[in-house]
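>>> Sequence first, then the predicted structure, then my questions.
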Amino acid sequence: QVQLVESGGGLVQAGGSLRLSCAACGRTFVNLEMAWYRQAPGKERELVATISRGGSTYIKDSMKGRFTISRNNAKSTMYLQMDSLKPEDTAVYYCAARHYLLQTYHYWGQGTQITVSS
């Protein structure tokens, strides 16, 4: 089992920045592929970014240049740096993890709310 705990959410004005953290425990972090998802009110959950065991990253096009995903294996923690935030970034953000041999993210955090005011 893996426990994921997000932190860093909150209220920010448009154009501002926030950094989310996702701390993992219970399994060897270096064996986990990690991701950030988000879900806005009335919308489906969408993928925001992923980071592999080796540090390769993917950022959804609409967030490229504004969001940065990273991980610190020594601290078993993943991060999402969010800059130039927009009201449409308002959502609950979730971190997710999967063992590198599996295809589906099957470990999820509880979610953290990000609200961007205009």
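Cool, got the structure.
>>> partner residues bridging the residue nearest to Leu32 when sequence neighbours are not counted?
Distances taken as Cβ to Cβ, 6 or more residues apart in numbering put Ala97 closest to Leu32, at 4.5 Å, once the chain neighbours are dropped. The C-beta positions use only the backbone N, C-alpha and C, and glycine is treated the same way. With DSSP bridges as the criterion, Ala97 is bridged to Met34, Tyr107.
>>> What count of nearby residues applies to Ala97?
Counted with other Cβ atoms under 10 Å, the neighbours of Ala97 add up to 23.
>>> what separates it from Ser7, distance-wise?
As judged by Cβ to Cβ, to the nearest Å, Ala97 and Ser7 stand 16 Å apart.
>>> just Met78 next, same as before
Here the criterion is Cβ to Cβ. By it, Met78 lies 11 Å from Ser7.
>>> got a list of what Pro87 touches?
Residues in contact with Pro87 (Cβ atoms under 8 Å, 6 or more residues apart in numbering) are Ala14, Val116, Ser117, Ser118.
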